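Q: Provided below for reference: sequence and predicted model.
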Amino acid sequence: MQQTYFMKFNCLALLVATVFLSSCASTYYASNPGAFTYKTAIKNDKDRVEYYFIFDVLKKMDLKKYANKERRKKVNMVAVKMVNNSDSTITLDRSHFSVISDNNKIKLYTPEEFYQFIKQKKGFYFFWVLFNPSYTTTTSPSPYYSNGYAYVSPPQVKYHSIPIGIPLALYNFFRAKAANKKLRADLKKNYLIGKSIPPGGVAYGYIYMQAPQNRALTISLDYTE
């Protein structure tokens, strides 16, 4: 008996396969705000500090999924280098720390608030359970003869499913969970607010803010209240 096989993936499988890479969970690796190259200093003579900004940190770290969420949520993770030129220790207290753009204070977020904006939604990856590509096998039986006549039976078609959805869902779920855990720890560890800078000292860290329309920012340390 001669058999001919035809494989045909269903439309859903092909659609999901084309977005496979963009739909997979992203990893996250620890960062160091002190490792960036800071170029342009901004001086605050009143508070006797100078500081430097680096924007698009997540993009520079090639963390595209997190960077895309940051852009969609209109928030920014900004790396800051701050130098204390005064004769006394400066403590960066959140209640007295402001970022100014166009004479307006930019809304700042805590590490946890920023984390909630950009974390990966682990439950989303269980949609991979629906990804079970199917194919068909078609068997063409050989003709048989009876009473001098040739007869051909109809082709036999069988449908098969490849159950890869559940392993993919679990893989992406736990990958996203691990990445989010690293992200949350990194945001807290490198938070600039709360750091103390001795005279002549330097501090590096991240601040988390509403995305400013104008990136010409200034920092104000207002201890007059």
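A: Yep, it's here. Numbering: from 1, shown residues only.
Q: Now the helix or strand encompassing Lys181: buried residues?
A: If you go by DSSP states H and E, Lys181 is part of helix 165-189. By 16 or more other CB atoms under 10 Å, the buried positions in helix 165-189 come out as 165, 168-169, 172-173, 175-176, 179-180, 183-184, 186-187. Yep, even glycine has a C-beta here, placed from its N, CA and C like the rest.
Q: can I assume Gln213 is in contact with Ile106?
A: No. In terms of CB atoms under 8 Å, Gln213 does not count as a neighbour of Ile106; the distance is 10.0 Å.
Q: Neighbour count: those two, which is higher?
A: Per other CB atoms under 10 Å, whichever of Gln213 and Ile106 has more neighbours is Ile106, with 18 against 8.
Q: Could you dump the buried residues of helix 165-189 into CSV with pLDDT and distance to Pro155 added?
A: Shown next, in CSV, are the buried residues of helix 165-189 (pLDDT from 0 to 100; distance: CB to CB, whole Å):
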residue, pLDDT, distance to Pro155
Gly165, 70, 29
Leu168, 74, 32
Ala169, 77, 35
Asn172, 78, 38
Phe173, 84, 41
Arg175, 86, 43
Ala176, 86, 44
Ala179, 92, 48
Asn180, 93, 50
Leu183, 96, 54
Arg184, 97, 57
Asp186, 97, 59
Leu187, 97, 60
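Q: I'd say Ala79 and Ile54 touch.
A: Yes. Using CB under 8 Å, Ala79 is in contact with Ile54, at 4.1 Å.
Q: Need the overlap of contacts for these two.
A: Phe36, Tyr38 (CB atoms under 8 Å, 6 or more residues apart in numbering).
Q: Please say which of these two ends up with more neighbours.
A: Between Ala79 and Ile54, counted using other CB under 10 Å, the more crowded position is Ala79 (24 against 18).
Q: and the more buried one, what element?
A: Applying DSSP H and E, one finds Ala79 within strand 75-84.
Q: Flag every buried residue along that strand.
A: Buried-residue list, strand 75-84, by 16+ other CB under 10 Å: Val75, Asn76, Met77, Val78, Ala79, Val80, Lys81, Met82, Val83, Asn84.
Q: Would you confirm that the second one contacts Pro212?
A: Yes. With contacts counted by CB under 8 Å, Asn76 reaches Pro212, the gap being 7.3 Å.
Q: so who does Ala185 touch?
A: Neighbouring residues of Ala185 by CB under 8 Å, 6+ apart: Ala30.
Q: please redo it, this time with the cut-off set to 10 Å
A: Tyr28, Ala30, Pro111, Tyr115 (CB atoms under 10 Å, 6 or more residues apart in numbering).
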